[in-house]
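A.B. asks: how would this look folded up:
(one chain, ligands or ions: 1)
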Amino acid sequence: MLKIKLTGKWQVKDSKDKYHIDANVPGCIHTDLLNAGLIEDPYYRDNENKLQWISDKKWIYTRDFEVPSDVYKSKRIMLNCQGLDTFSSININGRKIAETDNMFRDFFFDIKPFIRTGSNSIEIAFNPVLPYINKNQKQRYLHCWMDFKGSGYVRKEPCNFGWDWGPKLITCGIWKDIEIIAYNTARIDDCLLKQRHGRKKVRLEIDTEIEKVSRRSTSLEVVVKYKNKTIASNTCAFSGKRCRLSVTIENPKLWWPNGMGKQPLYDVSIRLKDAPGYCIDELVKRIGLRKLELRQKPDKHGVSFEFAANGKPFFAKGANWIPADSFANRVTRENYYDLLQSAVDANMNMLRVWGGGIYEDDVFYDICDQLGICVWQDFMFACATYPTYDERFVESFSTEAEDNIKRLRHHPSIALWCGNNELEMGLVGDKWSDTCMDWGDYSSLFDKVLPKIVAKHDPQRQYWPSSPHTPAGDRTVHNCPNSGDAHLWDVWHGMEPFEWFHQAKHRFVSEFGFQSFPEPATVDSYTNKQDHNIASLVMDHHQRSIRGNARIMAYMLDWFKMPDGFENTLWLSQILQALCIKTAVEHFRRQMPRCMGTLYWQLNDCWPVASWSSVDYFGRYKALHWAAKKFYAPVLVSAIQQKNDHTAVYLSSDLNGQKTVKLVWELFTTTGQRVTSGNKMVKIGPHKSLCVNRVDFTGYIKQFGRGELILNIKAFSGKKVLSHNTHLFCQPKYMNLQKPNLNVEIRKVDEYSQEAIITTDVPALWVWVKTDQSDAKYSDNFFDVFPGEQQRVLIRCTGKQSIIKASNADVRSLTSLSRPAHNKKANKTRLRAIVKHY
Ligand code: BMA
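C.D. replies: Residues are numbered from 1 along each chain as shown. The predicted model follows:
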């Protein structure tokens, strides 16, 4: 097969030729204009508002390309466009090839009649989508929970039209690879791999569809390699358009979700050969051998909802994934890797690719395969009504679904296909008007057409119609606590207090969340000094949830004292967010096995903004991400005050085997006096959650007062701390917290890293270390430190510059943030440069 890559340098102009600039493919008009210096950073202040004109214009992309004679002489010459955003018209040498209207499709066009040897030109013009939407809206109104109504008419990234965490920047362009392929005999059109797991072996069934151009006979060879060594192979001569064969892998190494085992990957090469035995096409799929299923079985609470890997049920720990940039083409492999590694660092095993974004790049799924991050994959529908009554729409979407299923189905990480985000919730809860999409319209696509497509093209993977979905049957219920998955927004959107979570009994919580501001360095990227007030126009502009900043402040005053100044408000919002999600996840892990998963909203951001994310647009961890590392730890110790005011201590274990754990608790006063302590050896079985102890501290509560006491709990395995938690007896705002004297010792580990060892005289809550090195990576932050303990933080810089020389690092804790003002200078404990070598 011969190929001509058409990625790289193109030209782009508007229809009036006012702008005529170099373009980059893959790319989009916004990044092209930005690179040409014609627009300012769309993420800075409220620049977004000034850039709306871009999406009103028609943009025309052009380039020339050479066609060598061997390509020209090929029997079939196809143009493959893997992503065109969105209403495009394609011309080659001045003649129209095709029009497209779906950003998510992978197009193949026969261009043999249109090209010539030597120099050729291609033009792809993108018409604006807004006039089309407006015209259709006048005829039949489509609803959307977000500002932009009617976007459902277009098969385009929904959040491109603005979301409650994202800007409205309606892109266009060639956003994925584009190339010409030419062949004479045949090409592999499609390949489905099925796994049959037996005792100590896996049979791999390979079902290949071939596009034949000539009658010449062909054969197929399959070679399976593990770490570059061939471990199985098979060949088959065939004459038709389909070839099925199988290979058996003996002693298979199974793929596991993160935390349950390793992620061995096998390379399967499928080679199409012509009669003399030359390879004329080859596909290589990297696969993992595993069974990954969603189990739903009747039980005493209703119907279970749990994922199981290789027969072992596991608690899904994770978050929701949104596009990592409003301009998808800007996300590099490194960005994907860093974000997915941050999920692993927080002990996650699952992410939900939410239906308001994009089917992610192959790289995303490759990395999930490598890291053991299971993927709950939505189809791209979110929070709106869609013209599912329109045959043309359904046809376009059906091909989109096929294209993406075929592209992604070999990935071991994909756990589930899900029809949409919150369409059922909208139909049930908000009773969306039947003038736009009623249950019949909905059902015809999500209960009939789509499950059939999934069953046909990915028969070994399950389909779930919507998130959330309650399989109750009568469709009057959503977010049912007894079956199905749930999106719990009573806290935040419903303004319920954090404690609301303690009564939730849901089986699997695929969304719940709480917002925070990003840290000062990130806020600096989109503001100037005058904007530094959380009620300023620019801070409101970078807050898209209704009354979002006011909500943060309302909840903040439920829990904490008023923060002192702008920066401290940003930091405290992060602690508040971490506290909220910690409260929820600890509860749901205690509920295991009734509850078998929590995916908080949301892992990441698509621009710098106040949002529900735990990692901000620049990859900076918020306090929540550090908290996630602890509340998603394989073994979690947590405590809760019971009705009789006794303290119940729980262990929740996701380990595969039984574990003996030493539980140690110490009750401190806020002034650092150890009032009482105790310990207990407990055994915990695999994937279990147990109340392991009930302690009566009521005497001490009476004696000292709730605001004076802090409980420090640890779970040890030998000397290793498996989990470390703090239990309070009232909200921190009512506590008599003392300003800690945080002592910091710095030890040099190697040229790039140092370790900060932190000790304290009184209990210090939410302690974090910051250096002025923006690229520094920390092993931990936002932890509690108690007298007699040492907390160690490894600080790694990518450059050689030492943080000590920079001498601009500080350690803060909760008491640094609020009045009554402690001596500010003393609060910022300078790192003392006591350099020791290991
Ligand atoms: C959910 C999501 C998103 C939204 C989030 C926060 O329900 O599905 O649509 O961004 O809530 O409001």
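A.B. asks: quick one: low-confidence ranges for the stretch 401-550 of the chain?
C.D. replies: 429-435, 473-474 (pLDDT under 70).
A.B. asks: ok, the residue minimising distance to the centre of the chain to the ligand distance?
C.D. replies: The centroid of the chain falls nearest to residue 321 when counting by CA atoms, centre = their mean (2.2 Å). Distance, residue 321 to the ligand, by CB to the nearest ligand atom, to the nearest Å: 12 Å. (Each C-beta comes from the backbone N, C-alpha and C, glycine too.)
A.B. asks: Residue 537 now?
C.D. replies: The gap separating residue 537 from the ligand is 22 Å, by CB to the nearest ligand atom.
A.B. asks: do the same with residue 240
C.D. replies: 45 Å.
A.B. asks: re the thing from before, in the sheet, who's paired with the closest residue in space to the residue nearest to the centre of the chain that isn't next to it in sequence?
C.D. replies: Leaving aside its chain neighbours, residue 321 sits nearest to residue 351 (4.6 Å; criterion: CB to CB, 6 or more residues apart in numbering). Note on residue 351: beta-bridge partners residue 319, residue 375, judged by DSSP bridges.
A.B. asks: do the helix of greatest length in the chain and the ligand meet at all?
C.D. replies: As assigned by DSSP state H, the longest helix anywhere in the chain is helix 566-590. No: judged by CB under 6 Å from any ligand atom, helix 566-590 makes no contact with the ligand; its nearest approach is 13.2 Å.
A.B. asks: Kindly provide the whole-number mean pLDDT of that helix.
C.D. replies: Helix 566-590 comes out with an average pLDDT of 98.
A.B. asks: what's the answer for stretch 320-334, then?
C.D. replies: pLDDT averaged over stretch 320-334 gives 98.
A.B. asks: Repeat that for stretch 604-614.
C.D. replies: The model assigns stretch 604-614 a mean pLDDT of 98.
A.B. asks: Low-confidence bits of this protein, can you list those?
C.D. replies: Residues of the chain that meet the cut-off, pLDDT under 70, sit at 429-435, 473-474, 800-809, 820-838.
A.B. asks: still on that earlier bit, just confirm the residue nearest to the centre of the chain contacts residue 600, I think it does.
C.D. replies: No: contact status for residue 321 versus residue 600: not in contact, 11.3 Å apart, counting by CB atoms under 8 Å.
A.B. asks: need the residues of this protein near the ligand, please.
C.D. replies: Residues of the chain lying near the ligand by CB under 6 Å from any ligand atom: 163-165, 356, 382-383, 421-422, 487, 511, 601.
A.B. asks: quick one, the helix or strand harbouring residue 652 and helix 566-590 angle?
C.D. replies: Here residue 652 sits within strand 647-653, counting by DSSP states H and E. Strand 647-653 and helix 566-590 are oriented at 80 degrees to each other (axes from the mean of the first three to the mean of the last three CA atoms, to 10 degrees).
A.B. asks: helices and strands around strand 647-653, which ones?
C.D. replies: helix 566-590, strand 635-641, strand 659-669, strand 674-684, strand 688-695, strand 709-717 (3 or more CB pairs under 8 Å, 6 or more residues apart in numbering; DSSP states H and E).
A.B. asks: Just name the most buried of those.
C.D. replies: helix 566-590 (a mean of 24; mean count of other CB atoms under 10 Å).
A.B. asks: counting contacts, what elements does the helix or strand that that one is followed by pack onto?
C.D. replies: Downstream of helix 566-590, the next assigned helix or strand under DSSP H and E is strand 597-600. If you count contacts as 3+ CB pairs under 8 Å, 6+ apart, strand 597-600 packs onto strand 316-321, strand 350-353, strand 509-511, helix 566-590.
A.B. asks: so which of these comes closest to residue 459?
C.D. replies: With CB to CB, the closest approach to residue 459 among those belongs to strand 350-353: 21.0 Å.
A.B. asks: List the contacts of the closest one.
C.D. replies: Contacts with strand 350-353, where a contact means CB atoms under 8 Å, 6 or more residues apart in numbering, come from 257, 307, 316-321, 340, 343, 359-360, 364, 368, 373-378, 415, 418, 467, 510, 597, 599, 603.
A.B. asks: could you pull out the helices for the stretch 251-400 of the chain?
C.D. replies: When secondary structure is read from DSSP state H, counting those that start in this stretch, the stretch 251-400 of the chain shows helices at 333-345, 362-371, 391-408.
A.B. asks: Sort out which residues of the longest one are buried, please.
C.D. replies: The reference is to helix 391-408. 393-394, 396-397, 399-406, 408 (16 or more other CB atoms under 10 Å).
A.B. asks: swap in stretch 168-183?
C.D. replies: Neighbour-count burial for stretch 168-183 [16+ other CB under 10 Å]: 168-176, 178, 180-183.
A.B. asks: how far does it stretch from start to finish?
C.D. replies: The straight-line separation of the ends of stretch 168-183 (CA to CA, to the nearest Å) is 42 Å.
A.B. asks: quick one: it to chain centroid distance?
C.D. replies: 23 Å (CA atoms, centre = their mean, to the nearest Å).
A.B. asks: shift numbering so it begins at 289
C.D. replies: With 289 as the first residue, the last one maps to stretch 456-471.
A.B. asks: and the closest residue to the ligand within the stretch 989-1126 of the chain, how many neighbours does it have?
C.D. replies: Of all residues in the stretch 989-1126 of the chain, residue 1070 sits closest to the ligand, at 23.1 Å by CB to the nearest ligand atom. When neighbours are defined as other CB atoms under 10 Å, residue 1070 has 25 of them.
A.B. asks: got it, and residue 637?
C.D. replies: Residue 637 has 26 neighbours, counted by other CB under 10 Å.
A.B. asks: how about the residue nearest to it when sequence neighbours are not counted, what does it touch?
C.D. replies: Nearest residue to residue 637 in three dimensions, chain neighbours excluded: residue 545, at 4.2 Å (CB to CB, 6+ apart). Residue 545 sits next to 580, 597, 602, 637-638, 660-662 when contact means CB under 8 Å, 6+ apart.
A.B. asks: Helices along the stretch 739-888 of the chain, start to end?
C.D. replies: 808-814, 825-829, 836-847, 854-878.
A.B. asks: now swap in the stretch 389-538 of the chain and tell me
C.D. replies: Using DSSP H, counting those that start in this stretch, helices in the stretch 389-538 of the chain cover 418-427.
A.B. asks: first vs last residue of stretch 394-412, how far apart are they?
C.D. replies: Stretch 394-412: ends 15 Å apart by CA to CA.
A.B. asks: ugh, wrong one, stretch 360-373
C.D. replies: 28 Å.
A.B. asks: how about that stretch: buried residues?
C.D. replies: 360, 362, 364-373.
A.B. asks: what's the answer for stretch 319-332, then?
C.D. replies: So for stretch 319-332, counting by 16+ other CB under 10 Å, buried means 319-322, 327, 330-331.
A.B. asks: Using PDB, write out every CA atom in it.
C.D. replies: The C-alpha coordinates for stretch 319-332 follow below in PDB (Å, rounded to 0.1, in the frame of the first residue of the first chain):
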ATOM      1  CA  THR A 319      -4.700  27.900  16.700                       C
ATOM      2  CA  ASP A 320      -3.800  28.900  13.100                       C
ATOM      3  CA  LEU A 321      -4.900  32.500  13.800                       C
ATOM      4  CA  LEU A 322      -3.000  32.400  17.100                       C
ATOM      5  CA  ASN A 323       0.200  31.100  15.500                       C
ATOM      6  CA  ALA A 324      -0.100  33.800  12.900                       C
ATOM      7  CA  GLY A 325      -0.300  36.400  15.600                       C
ATOM      8  CA  LEU A 326      -3.700  37.600  14.400                       C
ATOM      9  CA  ILE A 327      -5.600  37.000  17.600                       C
ATOM     10  CA  GLU A 328      -4.700  37.200  21.300                       C
ATOM     11  CA  ASP A 329      -4.700  34.200  23.700                       C
ATOM     12  CA  PRO A 330      -8.300  33.200  23.800                       C
ATOM     13  CA  TYR A 331      -7.900  32.100  27.400                       C
ATOM     14  CA  TYR A 332      -6.600  35.400  28.700                       C
END
